[in-house]
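> 3D, please:
(2 chains)
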Amino acid sequence: MSSLKLFLCLFLAYCVNGQSCIQPSVSPSSYSSTNQKLSKSTAFVVEFSLKCASKTDNLQLYADIDGVQFPVTKSSESEHYQVSWTVKDKKTVAHNFDVRFFDEEGYNNLRKVIRSGQSPESIKPLFNVDFQHPGLSSGFWIKAEFLGLAVAVLVLYVVCRERSQIIS
Amino acid sequence: MAPKSSNFSKEEELLLQDFGRDLTRKSSLIFYMHAIVVSALPLWLFNRIHQMELTEHAILFAIGTLVSTYLVASAYKNNKFQLKHKVAQKRSDGVAAEINSQMAENDSKKVSKKEKDERILWRKNEVAEAESMQLAVVYSNSVFLILLILLSFFFFKSYSPMINYIISMIGASGITALLSTSSKN
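Next up is the predicted model:
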């Protein structure tokens, strides 16, 4: 009986360790759309590679961004994760995002806290990633190819004037 | 049919050599160097704006650059030939004044009229050669680049990048070379 209990404890410990990441080490990169004219929504992408001291075969992560939760997708070939979301408001200003990542246990606790009306900040994330969104810009009022063409026409005009002075 | 060179005097042969279409080795090298730089410039445009990877399209870029180099260099040659005689006429008085002032400074040494005329002709040729080359390069480059911008970013901007590159480069350099063959000034 005692050996059975010991086996069950070890098995549970293995399962729990397979679902959680101990001492996470994160290498993040992020992207956000900055051109107002390209789309109606602003897109954000956070990618990172994750290294854990424990074995993480079936680690499922969730991201909490400004009180909204998103699932995190994992690459099948490597320890590369990605979370993306969009904001429909075109007037997204420059903003510093604190993206908090939770494992399954942390996510469940977070949902409980939100349902009970308590502050989600009380749940400590597995790790978090900060990134700065620079805000949307509509770009220069004149297109680059028109500007290039205008400069080229000006140069050609000057050269043609010099040439015609010599030829005349 | 061109007359045989044995019918010309030494002075006439020199004149033909100076004001003929043929280029010296140095002039050819200068023209080809300029042409290859100008033909290689659009690679940056197509790499950064049309997102064409240099390594993936290396063969296409190499062929396009070489063809464009040849056509742009021939445009330089034709434009230079058209301009050289005109430049020589324009600068004739200035060069004569320069040589006369140099002669006046070396008063002790008596120079015959024939030698003075030869020096004026040589100096006129030198000035005309340099100025016509520079003007031909600047003019041809301006025409080539403006045509490239028009073809690549306006007329054929909806085509695939590879087709865009081929048409823009060959078109721009071909039209530049074609315009240089015009006999009208």
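> List the buried residues for the longest strand along chain A?
Looking across chain A with DSSP state E, the single longest strand is strand A:42-51. Residues A:42, A:44, A:46-48, A:50 are the ones in strand A:42-51 that count as buried (16 or more other C-beta atoms under 10 Å in any protein chain shown). (Glycine included, C-beta is placed from N, CA and C.)
> which one of the residues you listed is nearest chain B?
The nearest member of the buried residues of strand A:42-51 to chain B, counting by C-beta to the nearest C-beta, is residue A:47 at 20.6 Å.
> On the strand side of things, show who the closest one bridges to.
With DSSP bridges applied, residue A:47 shows beta-bridge pairing to residue A:29, residue A:82.
> And chain A, is the longest helix seen in chain B touching that?
The residue-count maximum for a helix in chain B (DSSP state H) belongs to helix B:58-105. Yes - looking at helix B:58-105 against chain A by C-beta under 8 Å from any C-beta of the partner chain, the contacts come from B:82-83, B:86-87, B:90.
> Quick one: those residues as CSV, columns for neighbour count too.
Formatted as CSV, the residues of helix B:58-105 next to chain A follow (neighbours: other C-beta atoms under 10 Å in any protein chain shown):
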residue, neighbour count
B:82, 20
B:83, 23
B:86, 19
B:87, 23
B:90, 17
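> And the average pLDDT for the longest strand of chain A is what?
Looking at strand A:42-51 alone, the average pLDDT works out to 88.
> Find me the pLDDT at the residue nearest in space to the middle of chain B, would you?
Taking C-alpha atoms, centre = their mean, the centroid of chain B lies closest to residue B:76, which sits 2.5 Å from it. We have a pLDDT of 94 for residue B:76.
> what sits against it?
Neighbouring residues of residue B:76 by C-beta atoms under 8 Å, 6 or more residues apart in numbering or on different chains: B:31, B:34-35, B:133, B:136-137, B:140, B:180.
> switch the cut-off to 6 Å
Neighbouring residues of residue B:76 by C-beta atoms under 6 Å, 6 or more residues apart in numbering or on different chains: B:31, B:136-137, B:140.
> what about residue B:56, which SS state?
Look at residue B:56: counting by DSSP: H, G, I helix; E, B strand; the rest coil, its state is coil.
> where does it fall, phi/psi-wise?
phi -70, psi -40 (degrees, to the nearest 10).
> Which stretches in chain A count as strands?
Using DSSP E, strands in chain A cover A:25-32, A:42-51, A:62-65, A:68-71, A:73-74, A:80-87, A:95-102, A:127-133.
> Not counting the last one itself, show me its contacts.
Spelled out, it's strand A:127-133. Against strand A:127-133 from outside (C-beta under 6 Å, 6+ apart): A:24, A:26, A:28, A:30, A:32, A:46, A:95-101.
> Kindly present these as a markdown table, with separate columns for distance to chain B.
Listed next are the contacts of strand A:127-133 as a markdown table, based on distance: C-beta to the nearest C-beta, whole Å:
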| residue | distance to chain B |
| --- | --- |
| A:24 | 35 |
| A:26 | 30 |
| A:28 | 25 |
| A:30 | 22 |
| A:32 | 20 |
| A:46 | 24 |
| A:95 | 29 |
| A:96 | 30 |
| A:97 | 28 |
| A:98 | 33 |
| A:99 | 29 |
| A:100 | 35 |
| A:101 | 33 |
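> I'd like to know how many residues surround residue B:92.
For residue B:92, the neighbour count with other C-beta atoms under 10 Å in any protein chain shown is 15.
> Please identify the buried residues of stretch B:83-102?
Neighbour-count burial for stretch B:83-102, with 16+ other C-beta under 10 Å as criterion, is recorded at B:83-84, B:86-88, B:90-91, B:95-96, B:98-99.
> Show me the contact partners of it.
Contacts of stretch B:83-102 (C-beta under 6 Å, 6+ apart): A:166-167, B:119-120, B:123-124, B:127-128, B:131-132, B:135-136.
> Please convert those residues to JSON lines, extending it with distance to residue A:81 and neighbour count.
Formatted as JSON lines, the contacts of stretch B:83-102 follow (distance: C-beta to C-beta, whole Å; neighbours: other C-beta atoms under 10 Å in any protein chain shown):
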{"residue": "A:166", "distance to residue A:81": "67", "neighbour count": "16"}
{"residue": "A:167", "distance to residue A:81": "68", "neighbour count": "13"}
{"residue": "B:119", "distance to residue A:81": "80", "neighbour count": "17"}
{"residue": "B:120", "distance to residue A:81": "80", "neighbour count": "18"}
{"residue": "B:123", "distance to residue A:81": "75", "neighbour count": "17"}
{"residue": "B:124", "distance to residue A:81": "75", "neighbour count": "21"}
{"residue": "B:127", "distance to residue A:81": "70", "neighbour count": "18"}
{"residue": "B:128", "distance to residue A:81": "70", "neighbour count": "24"}
{"residue": "B:131", "distance to residue A:81": "65", "neighbour count": "19"}
{"residue": "B:132", "distance to residue A:81": "65", "neighbour count": "22"}
{"residue": "B:135", "distance to residue A:81": "61", "neighbour count": "20"}
{"residue": "B:136", "distance to residue A:81": "60", "neighbour count": "24"}
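> picking up where we left off before, quick check, nearest of the buried residues of strand A:42-51 to residue A:109?
residue A:50 (20.1 Å; C-beta to C-beta).
> and residue B:47, what element?
Using DSSP states H and E, residue B:47 sits in helix B:25-48.
> starting at the chain centroid, how far to that helix?
Distance of helix B:25-48 from its chain centroid, counting by C-alpha atoms, centre = their mean, to the nearest Å, is 12 Å.
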